[in-house]
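Peer 1: next come a sequence and a model predicted from it.
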Amino acid sequence: MSSARSTMDRELEDLRRELSRIDRGRGRRYPGPLRERVTRWADARRQRGARWRQLSSELGISTESLRRWASIEVPRASALVPVEVVADAGDGSAAGRLLCMITRAGHRLEGLSIADAIEILRVLG
C-alpha cells in the first residue's frame, strides 16, 4: 500500500509542477493530456474517499474545473474485433437473405433483412 501511496505522491508533485507552468486566467485552457492525467489521478483518489475540495486544494486548481474535467467522457480508441467470413451457400441474390448480427455487447439478432440490419446499425451508430 505504501508503494501505491508514494506513486500517488510522485504523480501529485509532477501534476503540481506542470499545472504551475500554465498561464491561468479567463478563457485560458489547460492542455488535454494534462487534464486527462489530472482526471485519472483524481479518480484514483476519489475511489479512496478523497473529496473534490481536498483534491482541488492539493492540485491548486478550482473545484469546478476538476469536477467538470472528471465528468467529460474521454473517447476510447477503437479496438480490432475478430470477424468470421462464411462462404455463401445461396444463389448469390441478396434480396431474400436473412442476416444474423452480433453486437459488441454480445446481443444476437437473427432473421434480419438487409434493410433491418442497416437501420439497426444506423440507430446504434
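Peer 2: On my side now, so go ahead.
Peer 1: residue 111 - that's part of a strand, no?
Peer 2: Yes - under DSSP: H, G, I helix; E, B strand; the rest coil, residue 111 sits within a strand.
Peer 1: quick one, what contacts the closest residue to it other than its chain neighbours?
Peer 2: Nearest residue to residue 111 in three dimensions, chain neighbours excluded: residue 98, at 4.9 Å (Cβ to Cβ, 6 or more residues apart in numbering). For glycine as for every other residue, the C-beta is placed from the backbone atoms N, C-alpha and C. Applying Cβ atoms under 8 Å, 6 or more residues apart in numbering to residue 98 gives the contacts 110-113.
Peer 1: which of those are buried?
Peer 2: Neighbour-count burial (16 or more other Cβ atoms under 10 Å) applied to these gives residue 112.
Peer 1: nearest to residue 72, of the contacts of residue 98?
Peer 2: The shortest approach to residue 72 among these belongs to residue 112, at 35.3 Å (Cβ to Cβ).
Peer 1: what residues are up against that closest one?
Peer 2: 98-101, 120.
Peer 1: which other residues reach the longest helix seen in the chain?
Peer 2: Secondary structure assigned by DSSP state H gives helix 2-20 as the longest helix of the chain. Applying Cβ under 8 Å, 6+ apart, the contact partners of helix 2-20 are 30, 34, 37-38, 41, 44-45, 58-61.
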